[in-house]
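[1] model this:
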Amino acid sequence: MPKSVVEFDAQASETSAAVPQQVVDQFSAEWESSGLPPDFDTFLPDADAIRRSALIDMIRVDLEHRWLHARLPKRLTEYCAEFPELRLDRLPPDLIRHEFVCRKRSGDHVDSKAYLQEFPVQAGRLKRLLDIHDDASTARVTEPLVQPRRTDALDDVGVGQRVDEFDLLTGLGSGAFARVFLARQRSMQRLVAVKISEDHGTEPQTLAQLDHDYIVRVFDQRVLPEEGLRLLYMQYLPGGTLLGVLHKLRKTTWTAGRTGQLLLDAIDEAMEAKGELRPTDSSIRTELANLSWPETIAWLGRRLAEALDYAGRHNVLHRDIKPANVLLTAEGVPKLADFNISFSGSSKGAGATAYFGGSLSYMSPEQLEACHPGKRTGAADLDTRSDIYSLGVVLWELLTGRRPFGDLEPQSGTEPGDATTIDSMLGCRLHGIGSDALASLPPDTPQTLRRILLTCLEPNPNDRWSSGAELASQFDLCLDAHARDLVDPPPGSWRLLLRPWSILIMELGVVVPNALAAYLKYHTDRALIVDELMGAPPHRFDVVWLIVMGVAFPLGAFVIFYMRRYLVLVPQGLRRGKIYSPRTLARARTDALLLGDRVVAVLFAIWIVCCVCWAGAMWIGMGDVPIRGYVYAFASAVICAAVAVVYPFFLVSFYAVRCLYPTFLPHGEVSGHDSELMEGLHRRSVRYLAVAAAVPLVGVAGATFIPLDEIGAVIGPIRTLSIVGVVAFIGAYWLFRKVEGDLIALERVTSRQQDPIGNT
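    Residues are numbered from 1 along each chain as shown. Predicted coordinates for the structure are as follows:
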């Protein structure tokens, strides 16, 4: 018994809803890249529930390429004979109509009544779909009762035609509601990409706002009111899309190696298929070829993040970020395209249905909720962080060859916006990245890139990067090997192991040189002043010494501890997951870069106070002191203060720059003030290094002014000062070089963050 029209409508709806879109996209891309019919079995999924659905949609693509491009015609009867799961009496009427349209556009003679005889079960629907009348021997294609994949006028557009002033040369891609062609614009005598779609939406107005290096430039639009079509013409990019790169990626094993050359090879293949020539002497291609595959992903991500930041600052969301919507230039530069469902944040009053779009597998949780019929989340709740999530999915797929949440698609019998489907996908996303997905990361993935992508894919928008600019700055870190190792030390690195102990190590770096300086000061003053000049009882000297040192140094320790309070509290809070304001983070970064100078200032002040108090205490507690005694005391104080001040500077600065400052970079954007502080720290380090070199020389030179009958009393401390000074200078010079290298790397990254657009 023939099926009813209602039953066929349901079946057609099931067909379009159940298709795994990525399978169809891959099949279509293989057709476009090779120009030959792909093997269906290579792309068809194994699961019976979705195999037939995928097959139906792949046949749509295959019919169009065979009849209109490759001239390798094939009829639906042949597909049914090839695939047992297909039956002529169960084919969806809209698929039959699609074959009819393809044949007609190819110039083949089409007899509409023959179609009714060939498909008697679907004849009732076909008469309405093809607008077949009893007095007509041919059919005029009209809009079907079930919404078709394209409008009639759009279906009639094909390669070789002239539409308005555009000669359509070849097809570049197609979607559910639009087709893209490489065309020659006659008035300008240039090649452009023309997107032909139904005349609705605000895409031209949206794209007219955007002029950015990493967004496809839209030139203008033409509206054909009689056909109900819109022509959007834009710059032509010959390098294909990231979808083609994905296909290339999945054919390359890790043992064969994946580098930036893989991206270039995919681009070259796409250009060769279009008859384009590969560029020569390109610095960008040379740079890409020398990058590892994870670094290539970071290189692409940085530019796409900048595009999102630019669009976000213009109050525009993309909402359909996927590999097919990222176009590539011949040099490999990515450009974001197809804002056909973009949303301007200034729009008001639109419901969830109006904002539904994009590919489910790339959507953020909040965008899925906006599409959920039972959720209260609306499109107005979306912002750039939703696009950042989608970009994270794309980059994860490029990095690993698979999406972080698997190939989730609507189940058989459900609509794309069905609540059950969305609930299932939301459940996966809200649970975060699983261990299987983490295990798929390439072994050479830097910790920084891993952290960046995991932050992009946080279920809660508040836990993601707040803007495209912040995300771009993180990719800058990832692309600088020295800087990324500072921010995200490799597992087992000594920096990672010592990071929780950095404060204690810096304390030892302050205490040890000061203890040495105090030892030298004590023995020099006692030998030259108390024993040689005054002959006073040594116990008085010891009491005065203990009082002065016992008051001054604990006071200095308290001041230093207060100055570094942010450097103790903020890292501890960050490790516990606490979120700090940008102002607090900026204060902590500033404290880290100025810590060495502040410690030196406090220590210098302590030694000045000690020197004054020591002179006063000697005059009060020990009677008259010869003028020469005060000279000795002052000279020894200068040398010992230099020891106590200079060497702690390098140790404190080393740990502050290498272990403290980098911990704040993953948690917010930096300002130009950071770069200025780094430049200042570098200049002061050079001056302190000169002082460190002078300490042993000044100590030896000062000893020449001591009378020969007194020199024997201090020969031991002077020898100790000379030996320790030389060793300390070598250590200070080593630390200086390390700090210099770290500052150069960090300054290189932070300066790029201030002007990210400059790097193409």
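[2] so what's residue 231 bridging to?
    residue 196, residue 222 (DSSP bridges).
[3] doesn't residue 224 make contact with it?
    Yes: under the criterion of C-beta atoms under 8 Å, residue 231 makes contact with residue 224 at 6.9 Å. C-betas here are computed from N, CA, C, even on glycine.
[4] neighbour count winner among these two?
    In this view residue 231 and residue 224 are compared by other C-beta atoms under 10 Å, and residue 231 has more residues nearby, 23 against 14.
[5] excluding sequence neighbours, find me the nearest residue to residue 102.
    What sits nearest to residue 102 in space, not counting adjacent residues and going by C-beta to C-beta, 6 or more residues apart in numbering, is residue 67, at 4.1 Å.
[6] what sits in contact with each of residue 231 and residue 224?
    163, 164 (C-beta atoms under 8 Å, 6 or more residues apart in numbering).
[7] that older thread, quick one: the residue nearest to residue 102 and residue 101 touch, right?
    No: distance between residue 67 and residue 101: 9.2 Å, which falls outside the contact criterion (C-beta under 8 Å).
[8] tell me, what's touching these two both at once?
    Here residue 67 and residue 101 have no joint contacts, going by C-beta under 8 Å, 6+ apart.
[9] show me the contacts for residue 474.
    By C-beta under 8 Å, 6+ apart, residue 474 lies in contact with 448, 452, 455, 465, 666.
[10] among those, name the ones in helices.
    If you go by DSSP state H, these have 448, 452, 455 in helices.
[11] looking just at contacts, which helices and strands does the strand or helix carrying residue 310 meet?
    Counting by DSSP states H and E, the element that carries residue 310 is helix 293-313. With contacts defined as 3 or more C-beta pairs under 8 Å, 6 or more residues apart in numbering; DSSP states H and E, helix 293-313 has these neighbours: helix 260-273, helix 283-289, strand 334-336, helix 384-400, helix 447-456, helix 468-479.
[12] domains of this structure?
    Under automatic domain parsing, the residue ranges defining each domain of the chain are 5-144, 162-235, 291-481, 497-754.
[13] okay, those in TSV with mean pLDDT and distance to residue 272 next?
    Compiled in TSV, these are given as follows (pLDDT from 0 to 100; distance: least, C-beta to C-beta, whole Å):
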stretch	mean pLDDT	distance to residue 272
domain 5-144	71	9
domain 162-235	80	13
domain 291-481	80	11
domain 497-754	75	34
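[14] go through these and pick out the most buried.
    Mean neighbour count (mean count of other C-beta atoms under 10 Å) peaks for domain 291-481 among the domains of the chain, with a mean of 20.
[15] how far does that one sit from the chain's center?
    Here the centre of domain 291-481 is set off from its chain's centre by 11 Å, with C-alpha atoms, centre = their mean, to the nearest Å.
[16] what do you get for stretch 483-491?
    Put simply, stretch 483-491 sits 16 Å off its chain's centre (C-alpha atoms, centre = their mean).
[17] got the end-to-end distance for that stretch?
    With C-alpha to C-alpha, to the nearest Å as the measure, the first residue of stretch 483-491 is 16 Å from its last.
[18] nearest to residue 562, of the contacts of residue 474?
    residue 666 (26.7 Å; C-beta to C-beta).
[19] test my guess that that closest one contacts residue 447.
    No: using C-beta under 8 Å, residue 666 makes no contact with residue 447, being 10.4 Å away.
[20] outside of stretch 557-566 itself, list whatever touches it.
    Defining contact as C-beta under 8 Å, 6+ apart, one finds that stretch 557-566 is touched by 503, 510, 584, 587, 588, 591, 595, 598, 599, 602.
[21] pull the CA atoms of that stretch into PDB?
    What follows is stretch 557-566, C-alpha atoms only, in PDB (Å, rounded to 0.1, in the frame of the first residue of the first chain):
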ATOM      1  CA  ALA A 557      62.300  42.000  57.800                       C
ATOM      2  CA  PHE A 558      58.800  43.100  58.800                       C
ATOM      3  CA  VAL A 559      59.000  45.900  56.100                       C
ATOM      4  CA  ILE A 560      60.100  43.500  53.400                       C
ATOM      5  CA  PHE A 561      57.400  41.000  54.300                       C
ATOM      6  CA  TYR A 562      54.700  43.800  54.100                       C
ATOM      7  CA  MET A 563      55.900  44.900  50.700                       C
ATOM      8  CA  ARG A 564      55.700  41.400  49.300                       C
ATOM      9  CA  ARG A 565      52.300  40.500  50.800                       C
ATOM     10  CA  TYR A 566      50.700  40.400  47.300                       C
END
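[22] and residue 178, what are its bridge partners?
    Beta-bridge partners of residue 178, counted by DSSP bridges, are residue 197.
[23] residue contacts, it?
    Residue 178 is in contact with 154, 195, 196, 197, 198, 340, counting by C-beta under 8 Å, 6+ apart.
[24] so which of the residues you listed is the closest to residue 402?
    When the contacts of residue 178 are compared for distance to residue 402 (C-beta to C-beta), residue 340 wins out at 26.5 Å.
[25] how much space between the closest residue to residue 328 other than its chain neighbours and residue 331?
    In this structure, residue 328 finds its nearest non-sequential neighbour in residue 239, 3.4 Å apart by C-beta to C-beta, 6+ apart. The spacing between residue 239 and residue 331, counted by C-beta to C-beta, to the nearest Å, is 8 Å.
[26] kindly report the same for residue 233.
    Residue 233 is 22 Å from residue 331, by C-beta to C-beta.
[27] cool, residue 375 as well?
    Residue 375 sits 43 Å away from residue 331, taking C-beta to C-beta as the criterion.
[28] need the strands for the chain, in chain order.
    Secondary structure of the chain by DSSP state E: the strands cover 162-163, 166-174, 178-185, 190-198, 218-224, 229-235, 316-317, 326-328, 334-336, 343-344.
[29] distance between the third one and the chain's centre?
    Here strand 178-185 shows a centroid-to-chain-centroid distance of 32 Å under the convention C-alpha atoms, centre = their mean.
[30] now do that strand against strand 166-174, angle only.
    Going by axes from the mean of the first three to the mean of the last three C-alpha atoms, to 10 degrees, strand 178-185 is angled at 150 degrees with respect to strand 166-174.
[31] picking that back up, which one of the ones in helices among the contacts of residue 474 is nearest residue 317?
    residue 455 (19.3 Å).
[32] OK, contacts around the closest one?
    When contacts are counted by C-beta under 8 Å, 6+ apart, residue 455 touches 463, 464, 465, 474, 666.
[33] among the residues you listed, which pair sits farthest apart?
    Largest separation among the contacts of residue 455 by C-beta to C-beta: 463 and 474, giving 14.1 Å.
[34] and residue 235, what are its bridge partners?
    Counting by DSSP bridges, residue 235 is bridged to residue 192.
[35] so residue 326 touches residue 241, yeah?
    Yes: using C-beta under 8 Å, residue 326 makes contact with residue 241 at a distance of 6.0 Å.
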